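Chemist: Sequence and predicted structure are below.
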Amino acid sequence: MCWLVALLIYQPKCMPSMRRVILILLWTTDLVQPKLPPAAEVQLLPPVNFTLTVSALAQVLLHWKPNPKQQQRNYTIRYDVKILSPVPEEYDTGRTYSIQAVALHNGFSACLRTLLLHDGLQLSSEWVKEELPPLPGAPETSATNLSCVTHLSTSSTVSLHCSWLPGPGAPEDTKYFLFYRYEMFTEECQDYIQDKWDRSIECRIPVTHIDAEGLDQLIVIHINGSSNCAAIKPFQQLFNQNAIERVNVPRNVSVVLEQNDLLATWEKPISPFPKECFEYEFYLFNWKSGNKQISKISSNSFRSSIDVTSRYSLRVRANHHICRPRGVWSDWSEILSVGQTKLEDPTVWILTVLCVSMCCAFLLAAVICKMNHLWSKLFPPIPTPSNKFRDPFSNIYERAQTCTSETETELGSLAEDLCCSALHDSVF
């Protein structure tokens, strides 16, 4: 349309027929172009029946309806949603509902308004607000320091292990109960570990509904409790599935020496993902120099030049890479050793030193007891039992002894008399 006006202005000598054609084009363009009402003339009304409903663990449904008094015009209506708590967030949608996965133990609040969009024109209505109150319970009784990890087993099932601490205000008789939700599955823990007051502080679920191949899925943990002394406030926390997965240990780790090179190889951990999806940390220790080397590599092998006169220890661990966000590093593999000097098992040395120490202690104790005559006090002689049955031959034995004694006495007396008589005769 602008070029037509310019043609009329800068071409004053145009033919009258041409002028009429240009005017007809201008009039037609003006009729075809829609006329938008001024902003002041559009009355934009907020949505109605705005409600918040808890539809699952740590999940709230926001629902509303368009204002029935809103004028129907040729423009687009959308809705601006603003989450106020617990985590601020703002987005717009063309639907009349929204589902949010959030921790609800401290409450939830959101506000909503109507948006008008048309050819760069944007108008908004007033805000309407709704909120959910915090979950009931005494302060500082909720579980704290919650941490969870998942693990893929050899049977392609995913286990879940969580640990937490009792709240500082939780009574000694508090009993905690853990629930997890994955998508639409909700399950309670059946295996707990207690502290010295028999309060649950750990949970193990060996088989869960968690999908091993799930990406960026949320795992909801809900812990509530009971006590005879106070109302225990529930606690909720959301975990990203990839962020808490503990990768399995690399398999079949082996090491060989090739002249002056050390070559270590291994296989990818048990996982539905290919080997390209993993990275590794390789740990190498030189026992001669005491040097430690940790290398990050993406392949399934490690080669390095070594000192052939030294002894080396090595191990490897794995984590996700490229295919999905990094999770938790796996445990280290078993320690392998190579080199001229064989690695001695420290357990053998510990047992040897322990046995020698015990023998020395017993020997020292025996010497001290001997020097202080403690053996007779600690181990007195065992008295023999008295014989209640008299031996029938004991009388004969006693009589024989008596007779023998009397005979010996008489013979002694007779000998003395004879000796005296002989002496008497010899003297006198």
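Modeler: Cool, the structure landed. Residues are numbered from 1 along each chain as shown.

Chemist: Least confident secondary structure element in this structure?
Modeler: The weakest-scoring helix or strand in the chain, judged by mean pLDDT, DSSP states H and E, is helix 394-427 (a mean of 43).

Chemist: count of neighbours near V48?
Modeler: For V48, the neighbour count with other CB atoms under 10 Å is 13. (Each C-beta comes from the backbone N, C-alpha and C, glycine too.)

Chemist: quick one: contacts for it?
Modeler: Going by CB atoms under 8 Å, 6 or more residues apart in numbering, V48 touches W64, K65, P66, N67, P68.

Chemist: In helices, which of the residues you listed appear?
Modeler: Of the contacts of V48, none are assigned to helices by DSSP state H.

Chemist: Tabulate these in TSV, adding columns for pLDDT and neighbour count.
Modeler: Output for the contacts of V48, formatted as TSV (pLDDT from 0 to 100; neighbours: other CB atoms under 10 Å):
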residue	pLDDT	neighbour count
W64	96	21
K65	94	12
P66	92	16
N67	90	18
P68	89	7
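
Chemist: Name all residues that make contact with the residue lying closest to P66 once chain neighbours are set aside.
Modeler: Counting by CB to CB, 6 or more residues apart in numbering, P66 lies nearest to P47, which is 6.2 Å off, once chain neighbours are set aside. By CB under 8 Å, 6+ apart, the contact list for P47 reads W64, K65, P66, N67, Y79, T96, L112, R113, T114, S125, V128.

Chemist: rerun that using 10 Å as the cut-off
Modeler: Counting by CB atoms under 10 Å, 6 or more residues apart in numbering, P47 makes contact with 63-67, 70, 77, 79, 96, 112-114, 125, 128.

Chemist: Which PyMOL command selects the buried ones in the residues you listed?
Modeler: Only the buried members of the contacts of P47 end up in this PyMOL selection, burial being decided by 16 or more other CB atoms under 10 Å:
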select buried, resi 63+64+66+67+70+77+79+112+113+114+125+128
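
Chemist: Just the helices from this structure, written as ranges.
Modeler: 2-10, 16-32, 346-371, 374-378, 394-427.

Chemist: picking up where we left off before, look up phi and psi at the residue nearest to P66.
Modeler: Note on P47: its backbone torsions stand at phi -60, psi 170 [degrees, to the nearest 10].

Chemist: Give me the number of neighbouring residues for I99.
Modeler: Counted with other CB under 10 Å, I99 comes out at 11.

Chemist: pLDDT at it, what is it?
Modeler: Looking at I99, its pLDDT is 95.

Chemist: who does it bridge with?
Modeler: Residues in a beta bridge with I99, per DSSP bridges, are L61.

Chemist: got any ranges where the stretch 201-350 of the chain has weak pLDDT?
Modeler: 340-349 (pLDDT under 70).

Chemist: Quick one: the strands in it, in order.
Modeler: Secondary structure of the stretch 201-350 of the chain (DSSP state E, counting those that start in this stretch): strands at 218-226, 235-240, 245-246, 251-258, 261-267, 278-286, 292-297, 301-305, 311-320, 336-339.

Chemist: The fourth one packs against which elements?
Modeler: Read that as strand 251-258. strand 261-267, strand 311-320, strand 336-339 (3 or more CB pairs under 10 Å, 6 or more residues apart in numbering; DSSP states H and E).

Chemist: Any idea which of those gets closest to C203?
Modeler: Between C203 and the helices and strands packed on strand 251-258, the tightest spacing by CB to CB is seen for strand 311-320, at 24.4 Å.

Chemist: now the angle between strand 261-267 and the closest one, please.
Modeler: 30 degrees (axes from the mean of the first three to the mean of the last three CA atoms, to 10 degrees).

Chemist: Output strand 311-320 in PDB with nothing but the alpha carbons.
Modeler: Output of strand 311-320 as PDB, limited to C-alpha atoms (Å, rounded to 0.1, in the frame of the first residue of the first chain):
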ATOM      1  CA  ARG A 311      55.500 -53.100  40.800                       C
ATOM      2  CA  TYR A 312      52.100 -51.500  39.700                       C
ATOM      3  CA  SER A 313      48.600 -51.700  41.000                       C
ATOM      4  CA  LEU A 314      45.600 -50.700  38.900                       C
ATOM      5  CA  ARG A 315      41.800 -50.400  39.000                       C
ATOM      6  CA  VAL A 316      39.100 -48.800  36.900                       C
ATOM      7  CA  ARG A 317      35.500 -47.400  37.300                       C
ATOM      8  CA  ALA A 318      32.800 -46.200  34.900                       C
ATOM      9  CA  ASN A 319      30.200 -43.500  34.400                       C
ATOM     10  CA  HIS A 320      27.700 -42.500  31.700                       C
END
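
Chemist: Buried residues, that strand. List them.
Modeler: So for strand 311-320, counting by 16+ other CB under 10 Å, buried means R311, Y312, S313, L314, R315, V316, R317, A318, N319, H320.

Chemist: want to throw those residues into TSV with distance to R199?
Modeler: Shown next, in TSV, are the buried residues of strand 311-320 (distance: CB to CB, whole Å):
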residue	distance to R199
R311	48
Y312	46
S313	41
L314	42
R315	37
V316	38
R317	33
A318	35
N319	34
H320	35
